[in-house]
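Chemist: Sequence and computational prediction follow.
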Amino acid sequence: DAKTTQPPSMDCAEGRAANLPCNHSTISGNEYVYWYRQIHSQGPQYIIHGLKNNETNEMASLIITEDRKSSTLILPHATLRDTAVYYCIVRVATSGAGSYQLTFGKGTKLSVIP
Amino acid sequence: SQTIHQWPATLVQPVGSPLSLECTVEGTSNPNLYWYRQAAGRGLQLLFYSVGIGQISSEVPQNLSASRPQDRQFILSSKKLLLSDSGFYLCAWSLDRLDTQYFGPGTRLTVL
């Protein structure tokens, strides 16, 4: 699976949009971009994933650049409960390749400030 | 909807004692099940995965073992704990190998 690069930390004011960037310049055409987050002392929580098109669900939006070398996770109205470490993962999507292992990097520690 | 449970939530055990951590999934059938360990300041390490009852694959040699006695039950065990077994143990499930993995709340194990 391709590696990802994320800023180690970010701050966001409560109620504002949090935009978390991720670089994955070596991504292959058959690899998805996944986002998880981990609140302190809890298990990782799945947020969203995408292949080429932008995606939106009840938690967040995922914007993937046209060349797929980077993406941005957007939390539209950050709350204090969104304070967590956010992980961007690139993972193979087609059968016949890839492992069961999810490889988390160091992620971005997002602090939502009142 | 599917839910995943782990217990206990926290555990403090002496070196050399046995271990049994349990994970159960509700709301799905024949899931892939996973045991991960997250050591302090480090990433996730896949320990075991299972694609069906009685089918266990180990990713790394270690002091631990896993079993899947029922379709939606996954157990992590050790006969004798080591100090290095301390960590945050996470169970996860997915519909198949390439599908999204969903994690349980975790068990924090401290071996003294």
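Modeler: Thanks, I have the structure now.
Chemist: all strands for chain A, in order.
Modeler: Taking DSSP state E as the test, the strands found in chain A are A:9-13, A:18-23, A:31-38, A:45-50, A:55-56, A:61-64, A:70-75, A:84-92, A:108-113.
Chemist: between those, which one is nearest to B:Ser67?
Modeler: strand A:45-50 (25.9 Å; Cβ to Cβ). For every residue, glycine as well, the C-beta is placed using N, CA and C.
Chemist: Residues contacting that closest one, please?
Modeler: Contacting residues not belonging to strand A:45-50 are listed as A:32-39, A:55-57, A:59-62, A:64, A:71, A:73, A:86, B:100-103 [Cβ atoms under 8 Å, 6 or more residues apart in numbering or on different chains].
Chemist: Try it again at 6 Å.
Modeler: For strand A:45-50, the external contacting residues (Cβ atoms under 6 Å, 6 or more residues apart in numbering or on different chains) are A:32-37, A:55, A:57, A:59-60, A:62, A:64, B:100, B:102.
Chemist: Dump the strands of chain A to CSV, plus distance to B:Leu83 and mean pLDDT.
Modeler: Putting the strands of chain A into CSV (distance: least, Cβ to Cβ, whole Å; pLDDT from 0 to 100) gives the following:
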stretch, distance to B:Leu83, mean pLDDT
strand A:9-13, 31, 97
strand A:18-23, 35, 98
strand A:31-38, 24, 95
strand A:45-50, 30, 96
strand A:55-56, 43, 96
strand A:61-64, 41, 98
strand A:70-75, 37, 98
strand A:84-92, 26, 92
strand A:108-113, 28, 97
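Chemist: okay, the ones you listed in TSV with mean neighbour count next?
Modeler: As requested, the strands of chain A are exported to TSV (neighbours: other Cβ atoms under 10 Å in any protein chain shown):
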stretch	mean neighbour count
strand A:9-13	14
strand A:18-23	20
strand A:31-38	23
strand A:45-50	18
strand A:55-56	15
strand A:61-64	19
strand A:70-75	20
strand A:84-92	22
strand A:108-113	17
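Chemist: what's the spacing between the residue in chain B positioned nearest to chain A and B:Leu81?
Modeler: Going by Cβ to the nearest Cβ, chain A is nearest to B:Phe103 of chain B, at 3.8 Å. The gap separating B:Phe103 from B:Leu81 is 23 Å, by Cβ to Cβ, to the nearest Å.
Chemist: Within the helices and strands, which one has B:Ala109?
Modeler: Quick fix: residue B:109 is Leu, not Ala. strand B:107-111 (DSSP states H and E).
Chemist: of the strands of chain A, which approaches B:Asp71 most closely?
Modeler: B:Asp71 lies closest, by Cβ to Cβ, to one member of the strands of chain A: strand A:45-50, at 21.9 Å.
Chemist: What strands line up against that closest one, and which way round?
Modeler: strand A:31-38 (antiparallel) (DSSP bridges).
Chemist: Quick one: work out the angle between the partner strand and strand A:18-23.
Modeler: With axes from the mean of the first three to the mean of the last three Cα atoms, to 10 degrees defining the directions, strand A:31-38 sits at 140 degrees from strand A:18-23.
Chemist: Looking at chain A, which residue is nearest chain B?
Modeler: Of all residues in chain A, A:Gly43 sits closest to chain B, at 3.8 Å by Cβ to the nearest Cβ.
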